[in-house]
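Q: 3D, please:
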Amino acid sequence: MAVPYLRYVSGSICVAKLTLTYENVSADSDYGPAFDFTAGKEWWVSDKWGLGVAGGFGYHSVSDPDISQNWSGPSFGVRFSATYN
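A: Numbers count the residues shown, from 1 in each chain. Modelled structure (predicted):
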């Protein structure tokens, strides 16, 4: 079944690390799993140019060695693209 207006999907599985810096003090997490999923559409607006929009969802879960807890949560984003071909 085709999804109307959907032209591309992409996904990534990766390793994440968080760094927090506040008033010249830095703290780092351990490495942990993360993923990203994006779906979008692009329209040709001339013979050589395309413009598009996509929505992205991500999730990460990394542990903090200093407090023995995980930092985890989702992220959402809107992405715009311009393609010259």
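Q: alpha carbons only for contacts and neighbour counts from here, please
A: OK.
Q: Any idea what Ala54 is bridged to?
A: Gly40, Arg79 (DSSP bridges).
Q: burial count for it?
A: 18 (other Cα atoms under 10 Å).
Q: what's the closest non-adjacent residue to Ala27?
A: Leu20 (5.2 Å; Cα to Cα, 6 or more residues apart in numbering).
Q: Show me which residues of the helix or strand harbouring Gly56 are buried.
A: Per DSSP states H and E, Gly56 falls inside strand 49-64. In terms of neighbour count (16 or more other Cα atoms under 10 Å), strand 49-64 has its buried residues at 52, 54, 56, 58-64.
Q: Please apply the same query to stretch 16-36.
A: 16-18, 29-30, 32, 34-36.
Q: For it, measure first residue to last.
A: 11 Å (Cα to Cα, to the nearest Å).
Q: Report the mean per-residue pLDDT for that stretch.
A: What stretch 16-36 shows for mean pLDDT is 89.
Q: starting at the chain centroid, how far to that stretch?
A: 16 Å (Cα atoms, centre = their mean, to the nearest Å).
Q: Ok, stretch 76-85 next?
A: 13 Å.
Q: Repeat that for stretch 61-77.
A: 16 Å.
Q: Send me that stretch as PDB with only the CA atoms.
A: In PDB, the C-alpha atoms belonging to stretch 61-77 read as follows (Å, rounded to 0.1, in the frame of the first residue of the first chain):
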ATOM      1  CA  SER A  61      19.500   5.800  26.000                       C
ATOM      2  CA  VAL A  62      22.900   6.400  27.600                       C
ATOM      3  CA  SER A  63      24.100   5.700  31.100                       C
ATOM      4  CA  ASP A  64      25.800   8.200  33.400                       C
ATOM      5  CA  PRO A  65      28.700   6.600  35.300                       C
ATOM      6  CA  ASP A  66      28.600   9.100  38.100                       C
ATOM      7  CA  ILE A  67      24.900   8.500  39.200                       C
ATOM      8  CA  SER A  68      24.200   5.000  37.900                       C
ATOM      9  CA  GLN A  69      21.200   6.100  35.900                       C
ATOM     10  CA  ASN A  70      20.300   6.200  32.200                       C
ATOM     11  CA  TRP A  71      19.600   9.400  30.300                       C
ATOM     12  CA  SER A  72      17.000   8.500  27.700                       C
ATOM     13  CA  GLY A  73      14.400  10.200  25.600                       C
ATOM     14  CA  PRO A  74      12.900  11.000  22.300                       C
ATOM     15  CA  SER A  75      13.700  13.800  19.800                       C
ATOM     16  CA  PHE A  76      11.500  15.200  17.100                       C
ATOM     17  CA  GLY A  77      12.500  17.400  14.200                       C
END
